[in-house]
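S.K.: Below are the sequence and a predicted model for it; my questions follow.
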Amino acid sequence: GQQVMQIPQYQHVQEGEDFTTYCNSSTTLSNIQWYKQRPGGHPVFLIQLVKSGEVKKQKRLTFQFGEAKKNSSLHITATQTTDVGTYFCAGAGTASKLTFGTGTRLQVTL
Amino acid sequence: NAGVTQTPKFRILKIGQSMTLQCAQDMNHNYMYWYRQDPGMGLKLIYYSVGAGITDKGEVPNGYNVSRSTTEDFPLRLELAAPSQTSVYFCAAQGGGRGDTQYFGPGTRLTVL
C-alpha cells in the first residue's frame, strides 16, 4: 500500500532559526496536504498543494510540491515558539482517504 | 457550527470491557474517518465511511467495529478492550472525495488497564 515518510522525526531549534521537514511518498499523489498538531491537540489543516512543482506561502511558511508529485516540503523561516508542534503531510492517491506521514515534531526554544 | 465533536474526552477501561466512542459532525460531509494515534506517533486509519450505510476497513481495523446509519454520526465500537488499544482516537470528516480537507474532532484519550 501507499506509504508516506517524513524526515526528520524530530528537530529542536532556537527561536529565529529556520526549519524544514521533508515528505516522501512511495506512489504518485493527486494532491498533498499539510496539517499541524499542537501538543495535546488535534491535527489542523494548513494547506493543500495540487499541481506539480507548486509553491505556496503562508506568512513565514513555504510549502512545495515536487515535480514528480511524490514529495513535498515545508519550510518555516525564523521560527517562533508558536510554531511548536508536530507537522504532518498527508497524501491523496486514487481513493478518497489520505495517507498521513509519520510526522516531524518541532521544538523551539528561546 | 460545532464541526466535529467527540465524546467522551477521556476514558479508562479494564481489559475485556467494551465501549463506544461517539463522533458527530454538523457539516453534512459524506466522508468520515477514525484514526488512532499512539504516543509520539503518526495517525493510523482504523475505519472510514464514504456515506451513510457504507463503511470500509483501514490500516488497523482489528478489535474495532463501526456503523454509519446517518450522515452525521460515525460511532466506533471497541469489543473486548486490550492494553494495545490504549491510544488517542480522532474522528475526522471530509466534504468531497480525492483528498479533500479533513476536519478533526478534539479526540478521545483511552487507557486500557
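M.R.: Done, it's in. Residues are numbered from 1 along each chain as shown, chains lettered A, B, ... in the order given.
S.K.: Please compute how far stretch A:59-68 lies from its chain's middle.
M.R.: Computed by CA atoms, centre = their mean, to the nearest Å, the chain-centroid distance of stretch A:59-68 equals 9 Å.
S.K.: does any part of it sit near chain B?
M.R.: No. With CB under 8 Å from any CB of the partner chain as the criterion, chain B is not reached by stretch A:59-68; the gap is at least 12.6 Å. From N, CA and C alone the C-beta is placed, and that goes for glycine too.
S.K.: Show me what from chain B comes close to chain A.
M.R.: Selection of chain B residues close to chain A by CB under 8 Å from any CB yields B:31, B:33, B:35, B:40-43, B:45, B:48, B:50, B:58-59, B:90, B:92, B:94, B:97-107.
S.K.: just so I have it, where are all the strands in chain B?
M.R.: B:4-7, B:10-13, B:19-25, B:31-37, B:43-51, B:54-57, B:64-66, B:76-78, B:87-94, B:102-104, B:108-112 (DSSP state E).
S.K.: For the nearest residue to residue B:38 once chain neighbours are set aside, list the residues it contacts.
M.R.: Spatial nearest neighbour of residue B:38, excluding adjacent residues (CB to CB, 6 or more residues apart in numbering or on different chains): residue B:87 at 5.2 Å. For residue B:87, the contact set (CB atoms under 8 Å, 6 or more residues apart in numbering or on different chains) comprises B:36-38, B:110.
S.K.: same thing but at 10 Å, please
M.R.: B:35-39, B:41, B:44, B:46, B:60, B:107-112 (CB atoms under 10 Å, 6 or more residues apart in numbering or on different chains).
S.K.: Out of these, give me the one that has the most neighbours.
M.R.: residue B:35 (27 neighbours; other CB atoms under 10 Å in any protein chain shown).
S.K.: Thought residue B:64 was touching that residue, still the case?
M.R.: No. The criterion here is CB atoms under 10 Å, and residue B:35 misses it with residue B:64 at 11.3 Å.
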